[in-house]
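Undergrad: give me a model of this one.
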Amino acid sequence: QVQLVESGGGLVQAGGSLRLACAASGRTFDNYAMGWFRQAPGKEREFVAGISWPGATTDYADSVKGRFTISRDNSKNTVYLQMNSLKPEDTAVYYCAARPSTYATKYDEYYPYWGQGTQVTVSS
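TA: Numbering: from 1, shown residues only. Below you'll find the predicted structure:
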């Protein structure tokens with residue numbers, strides 16, 4: 001079992017930045033690909049970014065490419081999402097997820113472990 005806890009959400013003005021963190025505990029972080037997803041009110045959960053184990057490969061949704069960066073520090077069992085040039089449409093609850101695989105995927109059904117989410121609100 002892997003427990004995931006997100007932090008770093010908050011309220012920011014458009015154009016600002018936030019860095020989300022997701023700390024993993026329980027079973028080893030080794031050999032787990034990680035993903036970030038988000039869900040806005042009234043919308044389905046969507047893929048934001050993914051990172052492979054141990055971190056050589058990353059993938060992003062088109063809507064965040066060039067603005068968001070996913071990274072991981074395996075010595076700290078933590079994955080990060082640096083979010084720059086934030087827009088009001090980035091407002092959502094952000095979730096991190098883990099899957100016991102080398103490669104991340106944009107499909108949420110392949111992630112068995114999820115955090116509780118952290119709210120990101122971008123004001124215009």
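Undergrad: middle-most residue in the protein, spatially?
TA: For the chain, the residue nearest the mean C-alpha position is residue 36 (2.3 Å; C-alpha atoms, centre = their mean).
Undergrad: that one contacts residue 19, doesn't it?
TA: No: with contact defined as C-beta atoms under 8 Å, residue 36 does not count as touching residue 19 (11.7 Å). No exception for glycine: its C-beta is placed from N, CA and C like everyone else's.
Undergrad: overlap in contacts, these two.
TA: Residues touching both residue 36 and residue 19 (C-beta atoms under 8 Å, 6 or more residues apart in numbering) are residue 81.
Undergrad: just the helices in the chain please.
TA: Ranges of helices in the chain, per DSSP state H: none exist.
Undergrad: which residues of it fall in strands?
TA: Taking DSSP state E to define them, one finds strands in the chain at 2-7, 10-13, 18-26, 33-39, 46-51, 58-60, 68-73, 78-83, 92-99, 113-114, 118-123.
Undergrad: please convert these to TSV, extending it with distance to residue 106.
TA: Below are those laid out as TSV (distance: least, C-beta to C-beta, whole Å):
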stretch	distance to residue 106
strand 2-7	18
strand 10-13	25
strand 18-26	17
strand 33-39	8
strand 46-51	4
strand 58-60	7
strand 68-73	12
strand 78-83	15
strand 92-99	11
strand 113-114	15
strand 118-123	19
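Undergrad: closest to residue 107 out of those strands?
TA: strand 46-51 (7.6 Å; C-beta to C-beta).
Undergrad: if we can go back for a sec, gap between the residue nearest to the centre of the chain and residue 82?
TA: For residue 36, the distance to residue 82 (C-beta to C-beta, to the nearest Å) stands at 11 Å.
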